[in-house]
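K.L.:
I'd like to go over a predicted model; first the sequence, then the structure.
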Amino acid sequence: MKKFLLLLALVILPVSAFAETQALKIGGLAAVIQKPELTAGQKCKMVMILHGFSGTKEFNLLTALADELEKNGTASIRFDFNGHGQSYGKPENMTVLNEIDDAKKIFSYVKSLDYVDSISIAGHSQGGVVASMLAGELGSKNFDKLVLFAPAAVLRDDSIRGSVFGITFDAGNPPERIKIFDNFSIGRDYVLTAQKLKIYETAKNFTGPVCLIHGLADRIVPYTYSERYNYVYANSELHLLDGVDHGFTNYWKEAAKIAANFLK
């Protein structure tokens, strides 16, 4: 496990009289830990926060959640997946499966922290798929609770159809590189692995409490994908938000409060 715990950099920055933020690298992944001030020997809950398809750890919904958790006396760690933000790699080498491996590195590090007494996980969009599959794989013995913001299980169906963010291709023989945005491309392996993902089959193995939050105006991931998650989970609640889009534009603080209250 030590190879996952390599800290390439560590910076401690004061945020307030009651909290601190640590910016660090864990196995090449850029991460930020935000936690309340703790006395010697005191423990607290920790929440892993996962960003979406082309996002970073600084996405406003995720930072808002970290702030709300801190108010509740809960620590959080958010990080950039490989090929994103300040982490190693290129976007075209990213797949859902290697993002799950990234999340396992973060989990191993968090589990080693002596002030953490329980771990929960939250993810937005593709990060929600990663969170749901990781929680399903590692189970309730390792994760206390799970929050999914607009989980993008549609990515499997899109890859089978040969369409990602409106960019079409031959699903049976995808090109080596598919340009999605000006500075963001995915690779052939992304599509081929996505086509075979057992998302719901893996996710349902998590039996702890689950909170699903999805906007009814989401045009990237239809809210019906959260409805299916709600169906397969044994212990879940579903919040459908009228007029809210995929990125929770102008509603990220409210969505973060729903999640933080659930995670308390």
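P.N.:
Structure's in. What do you need?
K.L.:
Only C-alpha atoms from now on, for both contacts and neighbour counts.
P.N.:
Noted.
K.L.:
what are the ranges of the strands in the stretch 51-200 of the chain?
P.N.:
75-79, 116-124, 146-149, 163-164, 167-168, 177-181, 184-187 (DSSP state E, counting those that start in this stretch).
K.L.:
what about stretch 24-44, how long is it end to end?
P.N.:
Across its full length, stretch 24-44 reaches 20 Å end to end, with Cα to Cα, to the nearest Å as the criterion.
K.L.:
Can you report phi and psi for Asp170?
P.N.:
phi -80, psi 110 (degrees, to the nearest 10).
K.L.:
pretty sure it contacts Gly162?
P.N.:
Yes. When contacts are counted by Cα atoms under 8 Å, Asp170 is listed as touching Gly162 (5.7 Å).
K.L.:
Could you measure from Met133 over to Tyr115?
P.N.:
Using Cα to Cα, which is the criterion applied here, Met133 is 26 Å from Tyr115.
K.L.:
So the two - more neighbours on which side?
P.N.:
Of the pair Met133 and Tyr115, Met133 is the one with more neighbours under other Cα atoms under 10 Å, namely 25 against 18.
K.L.:
Looks like that one contacts Ala203 (just checking).
P.N.:
Yes. Checked against Cα under 8 Å, the pair Met133 and Ala203 is within contact range at 4.8 Å.
K.L.:
Can you tell me the SS state at the residue nearest to Ala23 when sequence neighbours are not counted?
P.N.:
Take Ala23 and drop its neighbours on the chain: the residue closest to it by Cα to Cα, 6 or more residues apart in numbering is Val32, 4.5 Å away. Counting by DSSP: H, G, I helix; E, B strand; the rest coil, the backbone at Val32 sits in strand.
K.L.:
Could you pull up the contacting residues of the spatially closest residue to Thr74 that is not a sequence neighbour?
P.N.:
The spatially closest residue to Thr74, leaving aside those adjacent along the chain, is Lys45, at 5.1 Å (Cα to Cα, 6+ apart). Under the criterion of Cα atoms under 8 Å, 6 or more residues apart in numbering, the contact list for Lys45 reads Gly73, Thr74, Ala75, Val116, Asp117, Ser118, Ile119, Ser120.
K.L.:
so what's the fifth one up against?
P.N.:
Right, Asp117. Lys43, Cys44, Lys45, Met46.
K.L.:
same check, this time on the second one
P.N.:
Counting by Cα under 8 Å, 6+ apart, Thr74 makes contact with Lys35, Pro36, Cys44, Lys45, Met46, Val47, Lys264.
K.L.:
pLDDT at it, what is it?
P.N.:
We have a pLDDT of 98 for Thr74.
K.L.:
quick one: it from Asn235, how far?
P.N.:
Remark: distance between Thr74 and Asn235 (Cα to Cα) = 22 Å.
K.L.:
How about the fifth one?
P.N.:
Distance from Asp117 to Asn235, counting by Cα to Cα: 22 Å.
K.L.:
now the third one
P.N.:
Taking Cα to Cα as the measure, Ala75 and Asn235 are separated by 24 Å.
K.L.:
Between these two, tell me which one has more neighbours.
P.N.:
Neighbour comparison, Ala75 and Asn235: the larger count goes to Ala75, with 28 against 14 (by other Cα under 10 Å).
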